[in-house]
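**Q** Only the shape, not the letters, is given here:
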């Protein structure tokens, strides 16, 4: 899961804190639209959709029996793309981390390494370590959670051994299939994101300064996909090609806001709505007509998802600038999705142990089959939201604005 941050303006209205995401041009003028800046609230909406989808993916696919038929089979098919949702998070991360670079360093494309890493560490690591500690405590406190269940939770076991705990503390657990999903499965992607943070200022931006957008994309592609040739098993766990998806997000930010001639030309001459629709339609057709190949070839699928998300971000930014916002943008800017997006990182970090606790409790009262599946869907999703918001208030929120 990716957590990204833009500059936020905050207003107090009574006892409520209202947040608005805005982007300005390097000279301080609005980047587009009217008012103090271009609102990018849809980014929170996108994070909310992706995080909620991952929860549904684990609730429907991870804990339900595969022999359920009828409407449940259709539901399983609908929520079978949890990996793709994580890929969208990676593109969003590249987009949001590139925005201040484009805005404040329009010619140099540089960040101060130490300050950048401190800010990123302060933002994502305390909630990560808190979720890790909570998961270990749950495993230690409840013996039932340490028992094989035939569900996705089994990937978390054994979670109390020294090796998985140490590898999670060092954020290298994604390098090995044995430890990648132990303790709390979704935490593997936090390690992947943290590792990408080092490539961003040390490789991707320097190459961009020297060779431009295409040079940076090509470098990310070579570095990201090369491990598939000499360490394919490890690469299929660590997903190093996420580096290219991250660079797609960087490209989307540059296309949307850079004043350089090459990106201006891309912004003005490409019909991004058509490109976006075509790519997502291709994803839909390919995942339906060739489902077996789709789920076997993650490196190629992620490439397509990344390109489609790049186009979506540029298109939504165009719509945000215009007076014709459209249904999709209005949906992503809705109060419900934006509100959920504010604690989507907490939801991602905590939902799997919550689902596991709900699953074992339902089993303890003799729920099974469709009753168990529907019960987990209702109880698990609700409990995940409640627990995530509590975690956000208690832990994550403390590290959002104080940097």
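**A** Received, thanks. Nothing here was measured: the structure is a model prediction, and the numbers come from that model. Numbering: from 1, shown residues only.

**Q** Tell me how many other residues crowd residue 232.
**A** By the measure other C-beta atoms under 10 Å, the count of residues near residue 232 is 10. Bear in mind the C-beta positions are built from the backbone N, C-alpha and C, glycine included.

**Q** Against residue 240, how distant is it?
**A** To residue 240, residue 232 is 11 Å away according to C-beta to C-beta, to the nearest Å.

**Q** now swap in residue 390 and tell me
**A** Distance from residue 390 to residue 240, by C-beta to C-beta: 35 Å.

**Q** Comparing these two, which residue is more hemmed in?
**A** Remark: of residue 390 and residue 240, residue 240 carries more neighbours, 25 against 13, as counted by other C-beta under 10 Å.

**Q** Low-confidence bits of this structure, can you list those?
**A** For the chain, the stretches flagged by pLDDT under 70 are 1-38, 67, 105-107, 401-403.

**Q** centroid residue for it?
**A** residue 89 (2.4 Å; C-alpha atoms, centre = their mean).

**Q** now it: how far from residue 392?
**A** According to C-beta to C-beta, residue 89 and residue 392 sit 17 Å apart.

**Q** Ok, residue 362 next?
**A** For residue 362, the distance to residue 392 (C-beta to C-beta) stands at 25 Å.

**Q** Now do the strand or helix carrying residue 360: which elements does it pack against?
**A** Using DSSP states H and E, residue 360 sits within helix 344-364. For helix 344-364, the packing partners by 3 or more C-beta pairs under 8 Å, 6 or more residues apart in numbering; DSSP states H and E come out as helix 42-57, helix 113-141, helix 369-375, helix 381-394.

**Q** Point out the most buried one among those helices.
**A** Greatest average neighbour count among the helices and strands packed on helix 344-364 goes to helix 42-57 (a mean of 24), per mean count of other C-beta atoms under 10 Å.

**Q** moving C-terminal of it, what's the next helix or strand?
**A** With elements assigned by DSSP H and E, the helix or strand that comes after helix 42-57 is helix 71-78.

**Q** How about residues contacting that next one?
**A** Applying C-beta atoms under 8 Å, 6 or more residues apart in numbering, the external contacts of helix 71-78 come out as 60, 61, 64, 66, 68, 370, 373.

**Q** Past that helix, which element shows up next along the chain?
**A** Past helix 71-78, the next helix or strand by DSSP H and E is helix 82-104.

**Q** quick one on the thing from earlier: want to try CSV for the helices and strands packed on helix 344-364, with distance to residue 74 as columns?
**A** Converted to CSV, the helices and strands packed on helix 344-364 look like this (distance: least, C-beta to C-beta, whole Å):
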stretch, distance to residue 74
helix 42-57, 13
helix 113-141, 32
helix 369-375, 13
helix 381-394, 18
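
**Q** what's the closest of the ones you listed to residue 263?
**A** Between residue 263 and the helices and strands packed on helix 344-364, the tightest spacing by C-beta to C-beta is seen for helix 42-57, at 19.3 Å.

**Q** what residues are up against residue 88?
**A** By C-beta under 8 Å, 6+ apart, the contact list for residue 88 reads 46, 50, 305, 309.
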